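Visitor: A structural model of the following input is requested.
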Amino acid sequence: MLTAGSIHEIVCGAVGPRLPGKVDEIEAVVGAIRRVEILPDEVRLNLIADCLTPAGRKGLTLQGDDLVITVPMRCQLRGGRVEHILPPGVKRNRVKRDPTLIRGLQKAHQLAKAMGWRAGDGDLAELTIKQPDTAYDRKLVRLAFLAPDIQRAILAGEQSPSLTLARLLHEPIPTDWADQRRAYA
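Guide: Below you'll find the predicted structure:
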């Protein structure tokens, strides 16, 4: 069975001797590693070339800017949590897409298109405009007229946590994009 301790020993054993000086701390070893891939038949370590001694680079495969150590071993993957550890001081950008809000925005654009509005140029295709059938659709279609940067933020999951579909449906939406940005920032 492959445990965290055994992975630690494998990584330190493969990387430690290739670093300058005597390396006892895991931080020095981790600092030389750009990526670890655990594959069914091997563990592949991509190392930052500048961190290795010239003697430590011998016998390694060059892949782009990285040097690669391949440790043959049979791994039985059983699932588990994947965690990305960032360098100190680097903030993690968490993207939290709101599927309900995204579906509402998509439906709003469908309704606006059915009404004859073309998003590309902002013009109306016809002089006779068909109004949405229900009160819900009339409230929802307003989302198609949100500022483009607000719509992009919604689709990317970077909108304010307080910006929800319920809020947009129940509050009046400012018509001016600058006012929208202030209200939904």
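Visitor: just the strands in this structure please.
Guide: 33-38, 42-48, 61-63, 66-72 (DSSP state E).
Visitor: show me what residue 67 bridges to in the sheet.
Guide: Here residue 67 sits in beta bridges with residue 47, residue 62, going by DSSP bridges.
Visitor: re the thing from before, looking at the strands of the chain, which is buried most?
Guide: Among the strands of the chain, strand 42-48 has the highest mean neighbour count (mean count of other C-beta atoms under 10 Å), at a mean of 18. For every residue, glycine as well, the C-beta is placed using N, CA and C.
Visitor: which residues touch it?
Guide: 7, 10-11, 14-15, 18, 31-37, 60, 63, 65-73, 75 (C-beta atoms under 8 Å, 6 or more residues apart in numbering).
Visitor: what mean pLDDT does it have?
Guide: For strand 42-48, mean pLDDT is 80.
Visitor: tell me the angle of it relative to strand 66-72?
Guide: 160 degrees (axes from the mean of the first three to the mean of the last three C-alpha atoms, to 10 degrees).
Visitor: and strand 42-48, C-alpha only, in CSV?
Guide: C-alpha atoms of strand 42-48 as CSV (Å, rounded to 0.1, in the frame of the first residue of the first chain):
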residue,chain,number,x,y,z
GLU,A,42,5.2,5.0,-12.1
VAL,A,43,5.7,8.3,-10.2
ARG,A,44,6.9,11.1,-12.4
LEU,A,45,8.6,14.1,-10.8
ASN,A,46,9.1,17.3,-12.8
LEU,A,47,12.0,19.3,-11.3
ILE,A,48,13.1,22.9,-11.7
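Visitor: thinking again about what came up before, of the strands of the chain, which is nearest residue 175?
Guide: Residue 175 lies closest to strand 33-38 among the strands of the chain, at 48.8 Å (C-beta to C-beta).
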